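**Q** Okay, predicted coordinates and the sequence, questions at the end:
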Amino acid sequence: MDWVEWFLSREFRQFVLEHNLFFLLLFVVRLVGVTALEWLRPA
């Protein structure tokens, strides 16, 4: 579970904000989430 601690750490958040990765990560998470929902419940 070391990756969870790393993911929740201050260093990770600082890295994301310094390199402008917030919107890219948000897009990827939404893409994966919507794709999973579409596979489970097709429109």
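**A** That came in fine, so what should we check first?
**Q** List the contacts of the biggest helix by length in the chain.
**A** Counting by DSSP state H, the longest helix found in the chain is helix 22-40. Helix 22-40 is contacted from outside by Val16, using C-beta atoms under 8 Å, 6 or more residues apart in numbering. Bear in mind the C-beta positions are built from the backbone N, C-alpha and C, glycine included.
**Q** CA-only coordinates of it, as CSV, when you get a sec.
**A** Output of helix 22-40 as CSV, limited to C-alpha atoms (Å, rounded to 0.1, in the frame of the first residue of the first chain):
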residue,chain,number,x,y,z
PHE,A,22,-4.2,18.5,-12.8
PHE,A,23,-6.5,18.9,-15.8
LEU,A,24,-4.7,16.1,-17.7
LEU,A,25,-5.2,13.7,-14.7
LEU,A,26,-8.8,14.8,-14.3
PHE,A,27,-9.4,14.1,-18.0
VAL,A,28,-7.9,10.6,-17.8
VAL,A,29,-9.9,9.8,-14.7
ARG,A,30,-13.1,10.9,-16.3
LEU,A,31,-12.3,9.1,-19.5
VAL,A,32,-11.7,5.8,-17.6
GLY,A,33,-14.8,6.3,-15.4
VAL,A,34,-17.1,7.1,-18.3
THR,A,35,-15.8,4.3,-20.4
ALA,A,36,-16.3,1.8,-17.5
LEU,A,37,-19.9,3.1,-17.0
GLU,A,38,-20.5,2.8,-20.8
TRP,A,39,-19.3,-0.8,-20.8
LEU,A,40,-21.5,-1.7,-17.8
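**Q** now it, how far from the chain's geometric center?
**A** 8 Å (C-alpha atoms, centre = their mean, to the nearest Å).
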